[in-house]
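**Q** Need a 3D model of the following:
(one chain, ligands or ions: 1)
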Amino acid sequence: MSTKLIAPSMLAADFGNLQRDVEMVNNSDADWFHIDVMDGHFVPNISYGMPVISAIKKHATKPLDVHLMIEKPERYIEEFAKVGADIITVHYESTVHLHRTLRQIKDAGCKAGVVLNITTPLVVLEDILPECYMVLLMSINPGFGGQKFEEVTYKRIKNLRKMIDEQSLDTRIEIDGGVTDQNIQKLVAAGADAFVAGSHVFKSDNPTETIKALKELANS
Ligand SMILES: O=C(CO)[C@H](O)[C@H](O)COP(=O)(O)O
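**A** Next up is the predicted model:
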């Protein structure tokens with residue numbers, strides 16, 4: 001069994017103490033920094049862009065997993081790569097030319113992945129899976145942290161894992177939204193590999209210990 005990965009979402013960090021929170025993740029059992037980019041069009045919220053990612057990269061000692069919740073992400077791939085993205089995931093629903101956009105991400109030197117909203121059928125991935133380092137399944141409606149986890153996600157993970165296995169691929173499945181110590185083991189059992197956790201980590205009394213507990217639960 002491969003090691004299960006924890007990616008704290010910097011959306012829930014304290015932006016007034018960003019360097020402190022970056023160092024906390026550096027010194028924790030986390031594997032990646034999860035970076036949520038929102039444009040106020042694709043999702044009804046605006047988060048941050050290149051200058052903030054650049055500032056995080058300056059101090060981060062772990063890969064940046066950049067989740068683009070923006071329309072036509074192909075307009076900005078090279079810029080996100082330039083400011084330090086290591087993995088870039090784009091929504092299936094946000095671009096007409098998904099195949100071209102994934103190639104563009106790889107040409108820019110990053111690992112490429114696709115994100116699906118909760119109601120987008122998995123079948124749209126069938127022919128694109130070989131191009132994907134990772135598939136991110138949303139387990140909430142994208143746009144805001146702190147929302148309730150949607151139970152339909154378990155079934156979606158199982159079905160996606162089956163699709164990946166049928167094609168003998170090693171594509172990772174990442175889950176984003178409402179991940180906590182209460183559901184992470186069930187998500188692992190369903191077949192997920194990587195877990196974004198925002199409010200559960202940053203709103204806890206001891207984020208370092210919370211990350212440690214998530215990592216242990218996911219890998220036990
Ligand atoms: O993509 C996102 C929002 O669209 C965030 O990564 C997600 O909300 C994580 O936050 P939380 O763990 O608080 O649910």
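**Q** C-alpha from now on. contacts and neighbour counts both.
**A** OK.
**Q** so where's this structure uncertain?
**A** Applying pLDDT under 70 to the chain picks out residues 1.
**Q** List the buried residues in the lengthiest helix in it.
**A** Ordering each helix of the chain by length in residues (DSSP state H) puts helix 152-166 first. Residues 153, 154, 156, 157, 159, 160, 161, 163, 164 are the ones in helix 152-166 that count as buried (16 or more other Cα atoms under 10 Å).
**Q** Then stretch 168-175?
**A** For stretch 168-175, a neighbour-count test (16+ other Cα under 10 Å) marks 171, 172, 173, 174, 175 as buried.
**Q** tell me how far the ends of that stretch are from each other?
**A** Terminal residues of stretch 168-175 lie 21 Å apart, using Cα to Cα, to the nearest Å.
**Q** That stretch and the ligand, any residue contact?
**A** No - applying Cα under 6 Å from any ligand atom, one finds stretch 168-175 separated from the ligand by no less than 9.0 Å.
**Q** Distance from the chain centre to that stretch, please.
**A** 12 Å (Cα atoms, centre = their mean, to the nearest Å).
**Q** Other residues contacting it?
**A** Applying Cα atoms under 8 Å, 6 or more residues apart in numbering, the external contacts of stretch 168-175 come out as 129-130, 132-139, 157, 161, 164, 191-196.
**Q** Mind checking which of these are buried?
**A** Using 16+ other Cα under 10 Å as the burial test, these include 129, 132-139, 157, 161, 164, 191-196 as buried.
**Q** Now intersect those with the helices, please.
**A** Secondary structure from DSSP H places 157, 161, 164 of the buried ones among the contacts of stretch 168-175 in helices.
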